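Enquirer: sequence and predicted structure are below.
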Amino acid sequence: MGAGGDILNCNSSGLSCMLTGLVCGQHYDILMTASDGTCVSPNSDLFRQSSVPCPPVNVTTNLDCGTNLLMVSWNLAAVPLNYTVTAMPLAGHISAVTCHSNNASCSLSGLQCGHIYNVSVRASHGSCSGACSAPQTVHTVPCTPQSLATQIECGTNSLLASWNASLGATSYTATVMGPNGFYDNCTSSNLTCSFAGLQCASYYNVTVTSQDSFCTSSPRPCDTVGVTNFLLCDTDAAIVSWNATAGAVAYTVLAKEIGSQHSTSCRNSTTLCVLNQLNCGKMFSLTVLAEDTTCNSTGSTTFLMTAPCPPVIQDSSLICGTNSTSLSWSPVVNATGYIANATSVSGHTVSCNSSVATCTLTGLLCSETYTATVVAQGSQCHSAPSPSINFTTIPCAPENVSASLVCWSHSVLVTWEGSPTALTYNVTATGQDGHTHHCHTNTTSCQILNIHCGEIYNIIVTPHSQSCAGPPSAVYSFTAGLCPPSNVTVSPACEGSTVSWSPVTGAEMYIAIATADDGHTHNCSCNNSNSCNFTDLHCGETYSVTVVTVDRGCWSVPSPGVNLTTVPCAPENVSASLVCWSHSVLVTWEGSPTALTYNVTATGQDGHTHHCHTNTTSCQIPNIHCGEIYNIIVTPHSQSCAGPPSAVYSFTAAPCPPDSVQVQLLPMNNEQQVMHFNWTATNCADTEYLLELTGNLLGDDQYQFKISSYWTTLTYYETPLPCSSSYNATVKSRSSASISSPSEAISRTTAPCPPSGLLHSFNSTVTWNAVVYATNYTVYNNAVSPRGQLCDTAALSCSVPGGLTNLVITASNAFGESEARSISLSK
């Protein structure tokens, strides 16, 4: 659809079609639809086609007869456009002349004299050019007559001038100039002219010009025609050539850089010349002057465009996922196109062409460093290469990927041959269960953790450069280590300590491990079976039993632990003691950690057997036979097994020591006290008894004594002890089997000894020395019967009535009173 509302259509079964009837000067919005013959798709995105420029209007021409330059002008369009003016000769053997402008006029130089040109103007925008304007016919300046010759008519002082015809001329004017200001001319439509009245022996200058209805030719050397130039590529020089000009003896070429003061020139007598010091990317106006011995031609002018300047590469960027890189550079004035070249370190080369300042290099090799340059194309020559840049392509796919089990961590170590330009690698392992594992590294190996046992993984390694990921490696298939066995069971320890499990396909062997609470372990293994036996387990332990599968030399993770309790250890340190009051024996021992109960058996020499059962570490066996020797063993029991019995402990059922040992104290006599001991008879036939006394005299450990009776069947015994003695009394009983332990000791003292150091003063005070084990002292009046108590004290003195002369004193404690001792009276 055009801007004016007109609608154009075209149809095609291919990928293009031609729209005709476009109107110049207006843009068009283009939409595409697709159809299968029944349905029509929605419109494509809108594409706007820029307008085609219309032909310029009001084109006018103006020829400068003195320079043969043609000025062409026209009306400007409403939008900025570029304009090209072309002068096309009607004669076929000469070249057209053009000039370019972006304003409303342009000057054509290099027109050949004496020719007719059709002049037209074409507008363009970008790569699109419009139609030409209606042509204007232009006659150039007539050519200067050639081959001028003069003939003197002797005797008449006249001169006949003749010449060859000139292109474009309709008439000629011959001019004669001589001494003293002589001047004459004649106009002729033919090729001769006669002059009379000349002075003899004088020098005259004859010139001829040609005319048409517009211009007159110059009498100077003709301007050069057929001016051409071509650049000497890869230099700053150009060769300019032209057709020879009549009357010229030399030629000068002037080159002036447009928009600058820079210029250069060259001079030669031939029809070519080399210009140097031409700057790149510049437009030069070239003027070729023909010289004779006195004058120059007006000069014919043409234009020279030098080769473009080198571009400057601004950026290179990899196109990830492809073997391509995009280059961009600064645009170059007057470049007709660009060629980008890249060469790798290995010598591989690629290139791309573009009409704009960007280009994509394709077909690059991976993991290569390329050096890239760009040249700008000109109409004749390319620019020098741009300053080079280096870029590195995407990394190559890693090769020779392999994987191995890492036994201690139940992981997989992946290795590969790296890519030279890769900075990092990403490793992906995808299991058949859909679970994915990753690891990332800057080396050529990586460890993937927590892989699932028994799973098959597809492993790929993807290289990464700083900006792109390279292609992944080929897939490497890897089988993880096998899973541990399931359904692990153990038999009771008393049935062989066998562990069994469900087999795992592909297992090389199995290892069962029994771990005790204190950390020590036992192993058993097998290759072709799903069970094995532990042969050296410790008694009295609870083991956690696990089973691992061995695959490629690696152990699987252990199976869940199953408890195995071994048989209880034999009890140790068995001992037994008589419980007299119940005629039983108390058996004790050190228990086994895994024992739940114990059975105690006591077997007498008479064949009689006694038992007791307990869940503790002691047990009381009743109805023991007095005097019998028993062999006692303790057998531990777990929930399912009986452990080994203890070592035999031999126990003799000795009589019990007597109960209720008592003592009766008799009065002190001669500082000795007789004690009557008695006790209860034990319940055991033919029992004898022994009384034992140990102690010290006067509380002094250096004076110790030990006294024992003889064995007797009586249940009493009497023996004297000195006053102020302490003693412990025990009684043992014996039978034909053994002797009992001592009875519970009774600790006593005898009655104290009499006091010493007595003094009776006249102030009625009695004093004395302390007596060992005495708790009280008593003073008596011995003059009366019975004697009368005067004082009783725990102190060492006492006041008594005065005048008494027969006084005695005793010391006492809880066990009796000492004999009386008289008190001496002081004077």
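Expert: Everything's here; your move.
Enquirer: can we go C-alpha only for contacts and neighbour counts from here?
Expert: Noted.
Enquirer: which parts of stretch 661-671 are buried?
Expert: V661, V663, L665, L666, P667, M668, E671 (16 or more other Cα atoms under 10 Å).
Enquirer: which residues touch the last one?
Expert: By Cα atoms under 8 Å, 6 or more residues apart in numbering, E671 lies in contact with P722, C723, C753, S818, E819.
Enquirer: nearest spatial neighbour of S95, chain-adjacent residues omitted?
Expert: Distances taken as Cα to Cα, 6 or more residues apart in numbering put P89 closest to S95, at 7.0 Å, once the chain neighbours are dropped.
Enquirer: any stretches of the stretch 701-827 of the chain with poor pLDDT?
Expert: Within the stretch 701-827 of the chain, the set of residues satisfying pLDDT under 70 comprises 737, 759-763, 825-827.
Enquirer: and with 80 instead?
Expert: Low-confidence segments of the stretch 701-827 of the chain (pLDDT under 80): 736-738, 758-764, 802-803, 824-827.
Enquirer: the stretch 201-350 of the chain: helices as residue ranges?
Expert: Along the stretch 201-350 of the chain, counting by DSSP state H, counting those that start in this stretch, no stretch forms helices.
Enquirer: residue boundaries of the strands in it?
Expert: Under the criterion DSSP state E, counting those that start in this stretch, the stretch 201-350 of the chain carries strands at the ranges 205-211, 228-232, 237-241, 250-257, 263-268, 272-275, 283-291, 300-305, 313-319, 324-329, 337-344, 349-354.
Enquirer: make TSV out of those and add distance to V138 and mean pLDDT.
Expert: Shown next, in TSV, are those (distance: least, Cα to Cα, whole Å; pLDDT from 0 to 100):
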stretch	distance to V138	mean pLDDT
strand 205-211	15	82
strand 228-232	22	89
strand 237-241	26	92
strand 250-257	27	90
strand 263-268	31	91
strand 272-275	29	93
strand 283-291	22	87
strand 300-305	17	84
strand 313-319	47	90
strand 324-329	45	93
strand 337-344	35	94
strand 349-354	40	94
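Enquirer: for A814, which of these is the nearest?
Expert: Of all the strands of the stretch 201-350 of the chain, the one in closest proximity to A814, counting by Cα to Cα, is strand 313-319 (119.1 Å).
Enquirer: now the closest one: buried residues?
Expert: Along strand 313-319, the positions that meet the burial threshold by neighbour count (16+ other Cα under 10 Å) are I313, S316, S317, L318, I319.
Enquirer: give me the nearest residue to the last one, chain neighbours excluded.
Expert: Residue nearest to I319 in three dimensions, not counting chain neighbours: T325, with 5.4 Å by Cα to Cα, 6+ apart.
Enquirer: now the strands of the stretch 201-350 of the chain as a markdown table including distance to A165?
Expert: As requested, those are arranged in a markdown table below (distance: least, Cα to Cα, whole Å):
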| stretch | distance to A165 |
| --- | --- |
| strand 205-211 | 9 |
| strand 228-232 | 26 |
| strand 237-241 | 26 |
| strand 250-257 | 24 |
| strand 263-268 | 29 |
| strand 272-275 | 27 |
| strand 283-291 | 21 |
| strand 300-305 | 22 |
| strand 313-319 | 59 |
| strand 324-329 | 58 |
| strand 337-344 | 48 |
| strand 349-354 | 53 |
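Enquirer: before we move on, the earlier item: which one of the buried residues of stretch 661-671 is nearest N180?
Expert: Taking Cα to Cα as the measure, N180 sits nearest to V661 out of the buried residues of stretch 661-671, at 195.5 Å.
Enquirer: show me what contacts H538?
Expert: If you count contacts by Cα under 8 Å, 6+ apart, H538 has them with T566.
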